[in-house]
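> one predicted model, sequence on top.
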Amino acid sequence: MQSRFTSAPLSDDELDRLETFIFSDVVSEDSLDLIGIHGFLCALNISPVPADEEEWMDVLFDGKPNWISTEQEAEITSMLNRWKGSIYSDLSNDRELGMPCELTLETKNEESELEIWAQAFMEGVFLNEDEWFSEGTDKEEAVAELMLPIMVISNLFDEKEFKEIRRNKIATEQMANEIPDILVDLFLLYHAPEK
C-alpha cells in the first residue's frame, strides 16, 4: 500500500500558487497544467503499482524544475502530494470525483480541456503500462473496456476504431460524461479487497 499524505483538498489560493509556479521560468514550458495534473494524479492513484515520486514528478514537470530554494521545492511537492492524496481519498471512499473541466469535447479551441486531461491521464498510465494491461489476467478485458473512453478522448491513438468513434460526436460526448464513474470503477478493479 502506498503511503498517503493528508487528504485535505487544495484551496483556491494553493491552486493559484501552484499554477503561478508551473508557468514560471523555473519550469519547462511542456509541464502539465492544472487540468493535466489532475488527470495525471488520477492515473497515479488508480495504477495497479505505485510510481516512484521522483519519476512521476519528472514527468509532471517535464524534467526537474530549477527550484529557487529548498523551501519552494518542499511547498510545491507537499501541495502535489496533498492533491494526490485528496483524489485517492475520493476514489477510495467512492465519492464523486470533482473534475477540473467540462465533460465535453465541444470547444471553440482546437483542443478541449477534457482532451488535455485525458492525455495527461494516459501519461500516468504509460509510467506502468505493462501492469495496467497485463495480458492473461482476469482483469484484462474489463480494463480495456473501461479505458476505451479515456483513450478515445485523449486522441493519442491512430487505430481505425478510435478514429471512427471520434467522428461520432454523440458517442464521444456520451463517453466524456462517463469518465468520473469510469475512474471509480478502474480504481475498484485494482484496489478493492478480493472477495
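All right, it came through fine.

> what about residue 142, neighbour count?
As a burial measure, residue 142 scores 13 neighbours (other CB atoms under 10 Å). C-beta: built from backbone N, CA, C; applies to glycine.

> check what pLDDT it gets.
As summarised for this prediction, residue 142 has a pLDDT of 89.

> over to the one 4 residues further on?
On pLDDT, residue 146 comes in at 96.

> my read: it touches residue 187, true?
No: in this structure residue 146 lies outside contact range of residue 187 using CB atoms under 8 Å: 10.2 Å.

> what is the burial count for residue 8?
Residue 8 is surrounded by 12 other residues when neighbours are defined as other CB under 10 Å.

> sec struct for it, please.
For residue 8, the reduced secondary structure class is coil; criterion used: DSSP: H, G, I helix; E, B strand; the rest coil.

> which residues of this protein score low on pLDDT?
Under the criterion pLDDT under 70, the flagged ranges of the chain are 1-6, 109, 135-137, 193-195.

> which residue is nearest the middle of it?
In the chain, the C-alpha closest to the average C-alpha coordinate belongs to residue 39, at a distance of 2.2 Å (CA atoms, centre = their mean).

> wait, what's in contact with that one?
116-121, 123-124 (CB atoms under 8 Å, 6 or more residues apart in numbering).

> this completes my enquiry, with thanks.
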